[in-house]
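A.B. asks: turn this into a structure:
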Amino acid sequence: MARAVNSLGRPQLVPIRWRIFGFLFAIGFLEYLQQRGLTVAAERMIPELHFSQMQIGWIEQSFVIGYMLCQIPGGVLGQRWGARWTFLGIGVVSLVCIGLTAGAPELLGGATLFVVLFALQFVLGMAQAPTFPVSTGVFERWFPPRRWALVQGLQTMGLGLGGALAPPFIAALMTTIGWQRALMWTALPAIPLFLWWAWYGRNEPREHRSVSARELELLSDSTSEQINDHVTLRELWSILRERDVLLLAFSYFSMNYVFYMLGNWCFLYLVQERHFSVLESGWLATAPPISAGLGAGIGGVIASALFVRLGSRRGLRLTPLVALPAAGLLLLAATHAGNPYVAIAMLSICYGLVELTEGSFWAAAMTIGRRNTMAVGGVMNTGGALGGVVGIPIVAFLSGRGAWNVAFLVGTGCALASAAAWLLIDAGRTARGDAPQEA
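C.D. replies: Coordinates of the predicted model:
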């Protein structure tokens, strides 16, 4: 395989675009480790802080509310400020919020502590909201269209791996040093990562002095259109009224009910419904997110190949139409499994099938959005976060009353609704009303 050579003649073993991808992969991995840390620490927070399970549900939901509300503003601001400085800001605010979350119980208690933790999770959600809309804009500039679904799927794989590490990592730490210090250990690695990104990362390939002429030529199609760095309210309103954008957001909303249910509540489900110990649940709870990570990576490969073979409209549609109904049926079957290990296997496969569709979702946001990719990604991910806003209290309410089966049944309906929406989505038509773009 020939190696790319930059303009100074130095060989590049790893092209710059894949180094940029590596940063975004690591950022997503750490953010999901941080987000899932609280869901595992909840097992100790409930008795130590005298919180109810419903209060923990509201604290978790506050993150999702902040995350949802800042998706569109985060995408618009990401287009204006650029990914380089947007990610640095995300890292700084996230570190402060996690540090204060760990330290607040030392000074506060009761209702005051609940309000403070609710507010801190809300701000953390706001801070991390731009991550994936902005990442989508970076991928659009740094990778050719045929690789969009692939890199989206691979980045989502990093999220799954971060979520998989959280249960055993936090469970092991909080049994020895407590849940507060365990949470801090999810934040410390982010300090060098975000500083390194601010030094090395760039918004556009042409801005990076190490990008070779060959790599620039490869990316010429991706960088032919300038990012719209001054999105007007009129343009934003036009995006919000686009049929395909709204259908994509609805489908992502429905899919993310299942995503948040499995991602946020699997650990407590194993403890409360299947009666495993805390440490055993910590290890068993890694299976669904590992499956999700693998599913996202495999789904990215599949969607990328289908994109090249069938074009954006048909190629990106096929995976969700097959995977989501299958996931819904597995979710329903898991609730009736007598053997708890069989149930875990079913939930793991279900989570993998759900995440198999991530490459299709985000690649569709890119083909529809183009120069407004971050804004369109923000709209779609607003729908996704809304799935958590709606789903988390539903699962908290039902699980608190032992009705886990009903919560899973709702998930089956959401998976089927998400798949149905893809029958109407045309990923080959941009949000500006341009002619359809086929690969």
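A.B. asks: list of residues touching stretch 327-345?
C.D. replies: Contact partners of stretch 327-345, identified using Cβ atoms under 8 Å, 6 or more residues apart in numbering, comprise 258, 270, 274-276, 284, 287-288, 346-347, 349-351, 353-354, 404-405, 408-409, 411-416, 419. Where C-beta positions appear, they are placed from N, C-alpha and C, glycine not excepted.
A.B. asks: for stretch 409-429, that is, sorry about that
C.D. replies: For stretch 409-429, the surrounding residues in contact (Cβ under 8 Å, 6+ apart) are 243-244, 247-248, 250-255, 257-258, 261, 311-313, 316-317, 320-321, 324-325, 327-329, 331-332, 335, 354, 363-364, 367-368, 387, 391, 394, 436-438.
A.B. asks: now the contacts of stretch 327-345: which count as buried?
C.D. replies: Buried residues within the contacts of stretch 327-345, defined by neighbour count using 16 or more other Cβ atoms under 10 Å: 258, 270, 274, 276, 284, 287-288, 346-347, 349-351, 353-354, 404, 408-409, 411-412, 414-415, 419.
A.B. asks: and those residues, which of them are in helices?
C.D. replies: 258, 270, 284, 287-288, 346-347, 349-351, 353-354, 404, 408-409, 411-412, 414-415, 419 (DSSP state H).
A.B. asks: how many neighbouring residues does Ile170 have?
C.D. replies: Using other Cβ atoms under 10 Å, Ile170 has 27 other residues around it.
A.B. asks: so it makes contact with Ala182?
C.D. replies: Yes. Using Cβ atoms under 8 Å, Ile170 is in contact with Ala182, at 5.0 Å.
A.B. asks: now do the shared contacts for the two.
C.D. replies: Contacts common to Ile170 and Ala182, judged by Cβ under 8 Å, 6+ apart, are 37, 41.
A.B. asks: buried ones among the contacts of stretch 409-429?
C.D. replies: 244, 247-248, 250-255, 257-258, 261, 311-313, 316-317, 320, 324-325, 327-329, 331-332, 335, 354, 363-364, 367-368, 387, 391, 394, 437.
A.B. asks: stretch 332-345: how far from the chain's middle?
C.D. replies: Put simply, stretch 332-345 sits 26 Å off its chain's centre (Cα atoms, centre = their mean, to the nearest Å).
A.B. asks: and that stretch, C-alpha only, in PDB?
C.D. replies: What follows is stretch 332-345, C-alpha atoms only, in PDB (Å, rounded to 0.1, in the frame of the first residue of the first chain):
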ATOM      1  CA  LEU A 332     -39.500  -8.300  23.800                       C
ATOM      2  CA  ALA A 333     -38.100 -11.800  23.900                       C
ATOM      3  CA  ALA A 334     -35.500 -10.900  26.600                       C
ATOM      4  CA  THR A 335     -38.200 -10.000  29.100                       C
ATOM      5  CA  HIS A 336     -39.700 -13.500  28.900                       C
ATOM      6  CA  ALA A 337     -36.300 -15.300  29.100                       C
ATOM      7  CA  GLY A 338     -36.300 -17.600  32.200                       C
ATOM      8  CA  ASN A 339     -32.500 -17.900  32.200                       C
ATOM      9  CA  PRO A 340     -30.900 -14.500  33.200                       C
ATOM     10  CA  TYR A 341     -27.800 -15.200  31.100                       C
ATOM     11  CA  VAL A 342     -30.000 -15.800  28.100                       C
ATOM     12  CA  ALA A 343     -31.700 -12.500  28.800                       C
ATOM     13  CA  ILE A 344     -28.300 -10.700  28.900                       C
ATOM     14  CA  ALA A 345     -27.300 -12.300  25.600                       C
END
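A.B. asks: would you mark the buried spots in the helix or strand hosting Leu77?
C.D. replies: Using DSSP states H and E, Leu77 falls within helix 71-81. By 16+ other Cβ under 10 Å, the buried positions in helix 71-81 come out as 71-79, 81.
A.B. asks: following it, which helix or strand shows up next?
C.D. replies: Following helix 71-81 in sequence, per DSSP H and E, is helix 83-103.
A.B. asks: which helices and strands does that following helix pack with?
C.D. replies: For helix 83-103, the elements it packs on are helix 16-48, helix 71-81, helix 110-128, helix 131-142, helix 179-187, helix 190-200, judged by 3 or more Cβ pairs under 8 Å, 6 or more residues apart in numbering; DSSP states H and E.
A.B. asks: per-residue confidence averaged over that helix?
C.D. replies: Helix 83-103 shows a mean pLDDT of 89.
A.B. asks: roughly how far is it from the heart of the chain?
C.D. replies: Chain-centre distance of helix 83-103: 17 Å, with Cα atoms, centre = their mean.
A.B. asks: what sits up against it?
C.D. replies: Under Cβ under 8 Å, 6+ apart, the answer for helix 83-103 is 27, 31, 34, 38, 74, 77-78, 116-117, 120-121, 123-124, 126-128, 130-131, 134-135, 137-138, 180-181, 183-184, 186-187, 190-191, 193-195, 197-198, 201-203.
A.B. asks: just to confirm, which helix or strand has the residue lying closest to Arg147 once chain neighbours are set aside in it?
C.D. replies: The shortest distance from Arg147 to any non-neighbouring residue, by Cβ to Cβ, 6 or more residues apart in numbering, is to Ser304 (6.3 Å). When elements are assigned from DSSP H and E, Ser304 belongs to helix 287-310.
A.B. asks: centre of the chain to that helix, how far?
C.D. replies: With Cα atoms, centre = their mean, you get 14 Å for helix 287-310.
A.B. asks: residue numbering should commence at 307 henceforth.
C.D. replies: In the new count, where the first residue is 307, that last one comes out as helix 593-616.
A.B. asks: all good on my end, thank you.
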